[in-house]
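Novice: model the structure of this input:
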Amino acid sequence: MDEAAGFVLDAMLIGTGATATMDLWSVLRKMWFGVPMPDYGMVGRWLAYLPRGRFRHDPIAATAPVRGEAAIGWISHYLIGMVLAALLLFSVGPDWVSAPTAGAALLAGACTVAAPYFILQPGMGLGIAARRARNPATARLHSLVTHLVFGFGLYLTAQARVVTTGWL
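Specialist: Prediction:
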């Protein structure tokens, strides 16, 4: 397999694993703390309105539903995870995949919280860093922890690649 194809495959698999880790965290968070699961249908709705020129909703739940929004949201959730994994791999270089470090992955996870704080939450009517949420500090903390879990998932999935000595 050539280097570019290997990079893409690693990004896809590591991103999928990290996103699945984040989703597992959401399930556990609901079980342990009663925190509602993320509604990726709302993400799908927001994304479906982007080509129509609508970037901000106040709030997204008041905007008319879009056919297939749940599928759009879930597929996008995993594709974004793959892109973020690719950004990590591009940043740290190809050797990281063979010897992943938790620090780089957690830092990447912490950096990814910028996406909900400055793009998704404002676009969905919550304002920058969820300042219009019922409890902004709690919403910010949940976003940060969830994205650190994503970072941990990057590390775990890359470690699994090392332990299994390859993906395929």
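Novice: for the helix ranked longest in the chain, which positions count as buried?
Specialist: Secondary structure assigned by DSSP state H gives helix 3-33 as the longest helix of the chain. Residues of helix 3-33 classed as buried: 7, 10-23, 25-26, 29 (neighbour count, 16 or more other CB atoms under 10 Å). For the C-beta atoms, the positions are set from N, CA and C on the backbone; glycine is no exception.
Novice: name the next helix or strand downstream of it, please.
Specialist: helix 40-49 (DSSP states H and E).
Novice: give me the average confidence score over that next one.
Specialist: Averaged across helix 40-49, the pLDDT comes to 97.
Novice: so what does the next helix or strand after that helix touch, helix or strand wise?
Specialist: Going down the chain from helix 40-49, the next helix or strand is helix 69-92, by DSSP H and E. Helices and strands touching helix 69-92, as assessed by 3 or more CB pairs under 8 Å, 6 or more residues apart in numbering; DSSP states H and E, comprise helix 3-33, helix 40-49, helix 102-112, helix 136-163.
Novice: dump those to TSV, plus distance to Ile60.
Specialist: Below are the helices and strands packed on helix 69-92 laid out as TSV (distance: least, CB to CB, whole Å):
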stretch	distance to Ile60
helix 3-33	18
helix 40-49	5
helix 102-112	20
helix 136-163	14
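Novice: what's the closest of these to Leu120?
Specialist: Among the helices and strands packed on helix 69-92, the nearest to Leu120 by CB to CB is helix 40-49 (7.0 Å).
Novice: which elements pack onto the closest one?
Specialist: By 3+ CB pairs under 8 Å, 6+ apart, helix 40-49 packs against helix 69-92.
Novice: now do the buried residues in the helix it packs on.
Specialist: 69-70, 72-74, 76-78, 80-82, 84-86, 88-89, 92.
Novice: what of stretch 53-73?
Specialist: Across stretch 53-73, burial judged by 16+ other CB under 10 Å covers His57, Ile60, Thr63, Val66, Glu69, Ala70, Ile72, Gly73.
Novice: can I get the residues you listed in JSON lines with pLDDT and distance to Gly44?
Specialist: Compiled in JSON lines, the buried residues of stretch 53-73 are given as follows (pLDDT from 0 to 100; distance: CB to CB, whole Å):
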{"residue": "His57", "pLDDT": "95", "distance to Gly44": "13"}
{"residue": "Ile60", "pLDDT": "95", "distance to Gly44": "10"}
{"residue": "Thr63", "pLDDT": "96", "distance to Gly44": "12"}
{"residue": "Val66", "pLDDT": "97", "distance to Gly44": "7"}
{"residue": "Glu69", "pLDDT": "98", "distance to Gly44": "4"}
{"residue": "Ala70", "pLDDT": "98", "distance to Gly44": "6"}
{"residue": "Ile72", "pLDDT": "98", "distance to Gly44": "3"}
{"residue": "Gly73", "pLDDT": "98", "distance to Gly44": "3"}
